[in-house]
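[1] only the shape, not the letters, is given here:
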């Protein structure tokens with residue numbers, strides 16, 4: 001995750017020895033908590049281009065009918081992410 005104009009980025013998720021984001025399974029979904037300059041916290045999530053929707057549940061609740069999700073959150077909140085691809089298949093968030 002890299003904010004516009006920010007000097008540094010942060011790893012949003014990491015997976016080893018799994019097909020996610022590779023040639024056998026090129027679809028991925030991940031999210032981060034982000035604090036705005038104004039002090040508000042948000043869950044930002046993004047899926048692959050073929051992601052049709054994203055749902056956040058748990059510590060943060062929200063839904064987007066696209067491959068991008070932005071939801072107000074509390075500092076330290078933890079959410080589970082689930083996406084749906086345009087062909088109807090489910091996609092789970094990487095951790």
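    Structure received. This structure is a prediction, so every number in the text was calculated from the model and none was measured.

[2] now residue 26: closest residue in space that isn't a chain neighbour?
    Leaving aside its chain neighbours, residue 26 sits nearest to residue 48 (6.7 Å; criterion: Cβ to Cβ, 6 or more residues apart in numbering). (Each C-beta comes from the backbone N, C-alpha and C, glycine too.)

[3] was I right about residue 67 contacting residue 45?
    No. Counting by Cβ atoms under 8 Å, residue 45 is not a contact partner of residue 67; they are 9.0 Å apart.

[4] the two - which one has more neighbours?
    Taking neighbours as other Cβ atoms under 10 Å, residue 67 and residue 45 compare with residue 45 leading, 26 against 19.

[5] how about the nearest residue to that one, chain neighbours excluded?
    Among residues not flanking residue 45 along the chain, residue 31 sits closest, at 3.4 Å (Cβ to Cβ, 6+ apart).

[6] near that neighbour, how many other residues are there?
    If you count neighbours by other Cβ under 10 Å, residue 31 ends up with 27.

[7] fine, thanks again, bye for now.
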